[in-house]
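Q: what follows is a predicted protein model with its sequence.
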Amino acid sequence: MLSRRSAEVAAGFSAHAESYERHAGLQKAVAARLASFLPPLDRPRVLELGCGTGLFSRHLIERYPGADFVLTDASPAMISECRRNLAGLDEAQIEFAVMDASRPAALGHFDLIATSMTLHWLSEQRASLERLRHLLAPSGVLLYAALGPESFADWHAVLGRLGLPSGTVPIEPLPGVVGEEHLAPDLTALDFLRRMKSVGGLTPREGYRPLAPGALRRAIRAADALRRPVTWHIVYGRLEP
């Protein structure tokens with residue numbers, strides 16, 4: 001059963017599942033970078049949380065032929081797209097399941113647990129990582145890519161200066177960081193917001209009341225006056241039991 005927060009996030013992504021990959025260039029690039037941290041494993045048992053449409057799942061299946069995969073997401077619509085996108089890839093043993101990454105319900109232990117761009121949607125990010133670690137086999141590895149605490153710093157600063165609240169979810173510093181990068185794919189604040197909307201990523205933090213249109217326009221103008229793009233801080237992590 002999904003938590004209320006996970007159900008809200010899943011609904012946002014479900015509404016954009018069919019068009020997600022047309023707008024997910026940043027998420028695709030992050031998945032490719034995370035794949036560079038995959039360890040050498042022989043026919044591992046693999047759990048992916050937040051598989052989405054399969055951007056990172058493709059890397060897993062290519063890297064570990066013959067492995068057993070459990071690919072999960074809180075959104076049934078995203079799982080349907082993932083299943084469709086992976087059809088015909090290898091002959092891997094793949095199981096799909098609706099699962100709340102904050103409440104993993106998988107049985108047994110896994111040689112590899114991976115999640116790309118999902119942790120920052122959870123209300124208890126560090127605690128969720130700890131729960132996932134308990135699902136690792138004795139020599140297992142947990143890999144993740146997630147938003148880092150420096151994400152959207154200029155946008156948050158603009159909102160603060162204008163006395164406006166931010167709807168983005170609080171981001172916790174995470175353990176086990178082995179790499180990071182700052183990405184700025186959008187030229188303007190409006191482009192940034194459109195990107196977030198086009199992939200279903202505008203589900204706000206709990207208790208947030210959306211800005212009035214006039215206030216939002218003021219914030220966009222103020223952010224663009226800085227002549228700096230909104231920056232995504234991406235962290236990559238590795239944990240063991």
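A: Received, thanks. Numbers count the residues shown, from 1 in each chain.
Q: centroid-wise, who is the farthest residue in this structure?
A: residue 214 (30.2 Å; CA atoms, centre = their mean).
Q: and for stretch 208-215, what's in contact with it?
A: Stretch 208-215 is contacted from outside by 162, 164, 165, 166, 167, 204, 219, using CB atoms under 8 Å, 6 or more residues apart in numbering. Placement of C-beta: from N, CA and C, glycine included.
Q: what pLDDT does the model give the residue farthest from the centre of the chain?
A: Here the pLDDT value assigned to residue 214 is 96.
Q: quick one: the host helix or strand of it to chain centroid distance?
A: Under the criterion of DSSP states H and E, residue 214 resides in helix 213-225. Chain-centre distance of helix 213-225: 27 Å, with CA atoms, centre = their mean, to the nearest Å.
Q: same question, stretch 223-234
A: Centroid separation for stretch 223-234 versus its chain: 20 Å, with CA atoms, centre = their mean.
Q: and stretch 126-136, by the same measure?
A: Distance of stretch 126-136 from its chain centroid, counting by CA atoms, centre = their mean, is 16 Å.
Q: and the helix or strand bottoming out on mean pLDDT in the chain, which residues are buried?
A: Using mean pLDDT, DSSP states H and E, the weakest-scoring helix or strand in the chain turns out to be helix 4-14, at a mean of 84. With burial defined by 16 or more other CB atoms under 10 Å, the residues of helix 4-14 counted as buried are 5, 6, 9, 10, 12, 13, 14.
Q: does the fifth one touch residue 202 like I think?
A: Yes: with contact defined as CB atoms under 8 Å, residue 12 reaches residue 202; the gap is 6.7 Å.
Q: contacting residues for the one residue sitting closest to the centre of the chain?
A: Geometric centre of the chain, nearest residue: residue 117, 1.8 Å, by CA atoms, centre = their mean. Taking CB under 8 Å, 6+ apart, we find residue 117 in contact with 27, 30, 31, 50, 52, 145, 146, 147.
Q: which of those residues fall within helices?
A: 27, 30, 31 (DSSP state H).
Q: strands along this protein, start to end?
A: Assigned by DSSP state E, the chain shows strands spanning 45-49, 68-73, 93-98, 110-116, 136-147, 177-183, 232-239.
Q: low-confidence stretches in this structure?
A: Residue ranges of the chain with pLDDT under 70: 90-92, 106.
Q: got TSV for the buried residues of helix 4-14, with distance to residue 151 too?
A: Shown next, in TSV, are the buried residues of helix 4-14 (distance: CB to CB, whole Å):
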residue	distance to residue 151
5	19
6	20
9	16
10	21
12	18
13	18
14	24
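Q: return the member of the residues you listed nearest to residue 62.
A: Nearest to residue 62, judged by CB to CB, of these is residue 13 at 23.9 Å.
Q: burial measure for the nearest residue to the closest one once chain neighbours are set aside, as a count.
A: Distances taken as CB to CB, 6 or more residues apart in numbering place residue 200 nearest to residue 13, at 4.0 Å, with adjacent residues excluded. Burial of residue 200 is recorded as 24 neighbouring residues (other CB atoms under 10 Å).
Q: same question, the one 4 residues further on
A: The number of residues packed around residue 204, counting by other CB under 10 Å, is 15.
Q: contact partners for it?
A: Neighbouring residues of residue 204 by CB under 8 Å, 6+ apart: 167, 168, 169, 210.
Q: and what of residue 226?
A: Neighbouring residues of residue 226 by CB under 8 Å, 6+ apart: 154, 158.
Q: let's see it at 10 Å
A: When the contact criterion is CB atoms under 10 Å, 6 or more residues apart in numbering, the partners of residue 226 are 154, 155, 157, 158, 189.
Q: same check on residue 52?
A: By CB under 10 Å, 6+ apart, the contact list for residue 52 reads 13, 17, 20-21, 24, 27, 31, 71, 73, 75, 78-79, 81-82, 85, 116-118, 199-200.
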